[in-house]
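**Q** With the sequence up front, the predicted model follows.
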Amino acid sequence: MKFAIMDNRELDLSQLPREEYQTVYELSLTDRVLCKICSQPVKLYLGISNEPSFYHPNHKENERCQQGEHSHSHIISPIEDVEEAYIERNGFRIPKSRAISTLERPKTPIWQQPTPLKVHSPFTYQQNHLSSVLGISLDAPQKQAVMTISGPLLILAGAGSGKTRVLTTRALYMLEEQKIDAKSIMLVTFTAKAAREMNERIKANTTLNQVQLNQLLIGTFHSIFYKILLHHDRNRWNSSHLLKWDWQKENYLKQAARELGLDEKEFPFDQALQQIGYWKNTLYTPEDVKPSDSFEETVLSLYKYYEQQKLQHGQFDFDDMLIKCYELLHDNPSILEAYQQRFHYFLIDEFQDINPVQYKLMKLLSSHTKNLCAVGDDDQTIYSFRGSTPSFILSFKDEFPNATIIHLSSNYRSDHHIVSSANAVISKNKQRLPKQMVAQYESSYRPTCFFPYDEEEEATMIVNDIKEKIAEGATPNEFAILYRTHTGGRAIFERFVQSSIPFVIEREQSSFYERKMVRGVLAYLQLSINPDHTAALTELIRPLFLKQSILNDVKALSILHDCSLVEALLFIQGLPSFQISKLKKIVPRISQLKKEKPVTAIQIIEKELGFHDYLKKQGNEGNAIEKGSDDVNDLKVVAKKFSTVSEFLQHTDHMTLTQRALKEQKTYNWSGVQLMTVHRSKGLEYKYVYILGAVDGSLPHDFALESARKGNNEFLEEERRLLYVAMTRAREHLFLSIPSYRRGRKASPSRFLKPLL
Ligand SMILES: Nc1ncnc2c1ncn2[C@@H]1O[C@H](COP(=O)(O)OP(=O)(O)OP(=O)(O)O)[C@@H](O)[C@H]1O
């Protein structure tokens, strides 16, 4: 049905501006929207596959009223309603009441049909000759990869081509057929999960007993090389000396910042830590670094201090596990020899993500036998910010001239249309080995783009689509929703919290509302409702450019003058005159904010209450990936859905507490729809995959576009690889969301998809 009544106003979906669909949808969930025919509550359908429409949850009622709407269509023609909605006064047409539907055609498209991606290459089935090795079926290149044991070997395994199957079968083949001593094999993975999986698969297929199996070394780089360090100096490398958490490292950086006279509250320490990690993983000591700008110059000073402090306190971090192990082996030939006597065969998974220190370690260890088998896909390098680089794959043949290179190019995971469109995307990268993945089957489904209005509607449409599919028999575990950055998952997380569908989110992820800038804006709103909100006042100190030490004065002043904490700001002594006049302007405005619509209140906070200046200052500090202004724009997208500040704050509190509770849960249920960043999805596969925000600015990320504008395409290529990884996670159904608006601004489809649209 296209018509409904809400608060005595008629809603006509052909006239309703698209930006209001989400609000009407949410109100329809609370029975505020009524059927035009029978006056019973109706819901708004907002999904992917069908056009939005009003419907009765009860099927019979729905049919009856639908027929009623058709037969009475002349009564409810939008034109007639338009006429009725106006009165003439002094020659002007004035609306009788504030109608939610506009009379002009909305500028945003009412509804755009989901569009399948154009797939240019037809499916040509090439039947692979499969044969069995130890009962595991393999195609010819897979088999060759399994059976090539001696010498350097690079297995270039495209997405879904059976890399994991090959690695585990290869290990089994070495143990079972070649009778190679388990002790002499080292298998390195990137994640503990991958290591566990390989272990289990090998265990399930081997005839070796547990003791023999335990001699096979399978682990992550960190676990393996940390064990070596521990073995050589248990005291020095005792885990109690490990700087495990970022906050521990940040403490050192903050100490250094204080000594350097940096404004501790303003500096992006997380970004600095990332930069230091990058230098360490590329084996750049503080002495080797040549800073390229003022930010790097500052970080270099912090880096020096950080390393000195660690040394003084006998501590180490995760990066040191690899660096110090490399130094140990490199500087002590006898120790290296001892390990070389034990290990003769080396297998490395996810070789495309190897960083210089990891590469050097493996090269050194395998230098005696050169039995180094690396499995990777240069198209899936997505960790360059940690120092990973595809260059080790690209130059493998130069490093090992007699290396065997095997290409696995059959994709067993995904349907032809998914493989073919992913091929079309990645083929535009320049820094890659040319190759094409070939699918093994074709289905009637096409990867599909759909066009929500914004992030909120995107989340609603996806959750409803999943509900429909579950009703048709799918299970929640078969779905994954992928986003570019953690903040990109905010709306979808909220929609899942409000739904009854089980879902799983990365556990360590903090709530969007706990981000620094968001906390800052919310503090104004919280103080507007409660001017004695101590935590909010603490947050407000930073955007007001006041010293944290002033907080105690403010508390004392509020007792002395018997006023609220906010009012006490006006009694602070000794401030420069510009700050006094600023506070005189800001303090009375804060209490008025609660009368505004939340989105208007945020605009006032930004423009009139000085938050914009604060943001600008933050923006200059080199935080390229996650800008504070983006967070504020995201917050405005949420705020738009609420009509009062207190409702909005209730929502933000509820979401923060829910996410905190998830984080703190002792037992965790891993079953449900998976919500994760694209980075996290690597190596995984799902029947249904939804990619959020396939628009410029999101995927590719803004910072990559910015970098490309300055002539550096490196990051843009990595963004394309991210999209490739995301698309190739899907087995049968792939949905790409192209919202018309993102962060409140008009968005355009990802440039990576343009050839396919
Ligand atoms: N020879 C084969 N016959 C049948 N199915 C296969 C074969 N090889 C791999 N597969 C299946 O293809 C899918 C992808 O395999 P796998 O996960 O090992 O790929 P991958 O190369 O690790 O993928 P990615 O790098 O994209 O994560 C799995 O479901 C696997 O069982």
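**A** That came in fine, so what should we check first?

**Q** Run a quick neighbour tally on the residue in the stretch 401-550 of the chain positioned nearest to the ligand.
**A** Per Cβ to the nearest ligand atom, the residue of the stretch 401-550 of the chain with the smallest distance to the ligand is residue 412, at 3.2 Å. Every C-beta, even on glycine, is put in place using the N, C-alpha and C of the backbone. As a burial measure, residue 412 scores 16 neighbours (other Cβ atoms under 10 Å).

**Q** Residue 651 and residue 598, how far apart?
**A** Distance, residue 651 to residue 598, using Cβ to Cβ, to the nearest Å: 9 Å.

**Q** the more surrounded of these two?
**A** With neighbours defined as other Cβ under 10 Å, residue 651 and residue 598 compare such that residue 598 has more, 26 against 18.

**Q** ok, that one - contacts?
**A** 525, 639, 640, 642, 643, 644, 645, 647, 648 (Cβ atoms under 8 Å, 6 or more residues apart in numbering).

**Q** lowest-confidence helix or strand of the chain?
**A** helix 78-84 (a mean of 39; mean pLDDT, DSSP states H and E).

**Q** coming back round to it: thinking the residue of the stretch 401-550 of the chain closest to the ligand is in contact with residue 159, fair?
**A** No: using Cβ atoms under 8 Å, residue 412 is not in contact with residue 159; the gap is 10.3 Å.

**Q** rewinding a little: tell me, what's touching residue 651 and residue 598 both at once?
**A** Common contacts of residue 651 and residue 598 (Cβ under 8 Å, 6+ apart): residue 642.

**Q** What is the burial count for the residue in the stretch 601-750 of the chain positioned nearest to the ligand?
**A** Taking Cβ to the nearest ligand atom, the ligand has its nearest neighbour within the stretch 601-750 of the chain at residue 683, 4.3 Å off. Neighbours of residue 683 under the rule other Cβ under 10 Å: 19.

**Q** got it, and the one 3 residues further on?
**A** Residues near residue 686, counting by other Cβ under 10 Å, number 22.

**Q** Which strands or helices does whichever strand or helix holds residue 521 pack on?
**A** For residue 521, the element it lies in under DSSP states H and E is helix 516-529. Secondary-structure packing of helix 516-529 (3 or more Cβ pairs under 8 Å, 6 or more residues apart in numbering; DSSP states H and E): helix 534-541, helix 577-592, helix 598-607, helix 611-619, helix 628-639, helix 645-664.

**Q** rerun at 10 Å
**A** Helix 516-529 sits against helix 534-541, helix 565-568, helix 577-592, helix 598-607, helix 611-619, helix 628-639, helix 645-664, with contacts defined as 3 or more Cβ pairs under 10 Å, 6 or more residues apart in numbering; DSSP states H and E.

**Q** I figured residue 636 hits residue 642, correct?
**A** No: Residue 636 lies out of contact with residue 642 (Cβ atoms under 10 Å); the separation is 11.2 Å.

**Q** intersection of neighbour lists for these two?
**A** Both residue 636 and residue 642 are in contact with 598, 599, where contact means Cβ atoms under 10 Å, 6 or more residues apart in numbering.

**Q** The stretch 401-550 of the chain against the ligand: which residues are in contact?
**A** Residues of the stretch 401-550 of the chain lying close to the ligand by Cβ under 6 Å from any ligand atom are 412, 413.

**Q** Run through the strands of the stretch 401-550 of the chain in chain order.
**A** Shown for the stretch 401-550 of the chain, the strands assigned by DSSP state E, counting those that start in this stretch span residues 404-408, 410-411, 438-439, 448-450, 479-483, 503-505.

**Q** With the stretch 101-250 of the chain instead?
**A** Going by DSSP E, counting those that start in this stretch, the stretch 101-250 of the chain shows strands at 115-116, 131-133, 136-138, 153-157, 185-189, 217-220.

**Q** The last one pairs with which strands?
**A** Read that as strand 217-220. Next to strand 217-220 in the sheet, as set by DSSP bridges, lie strand 185-189 (parallel).
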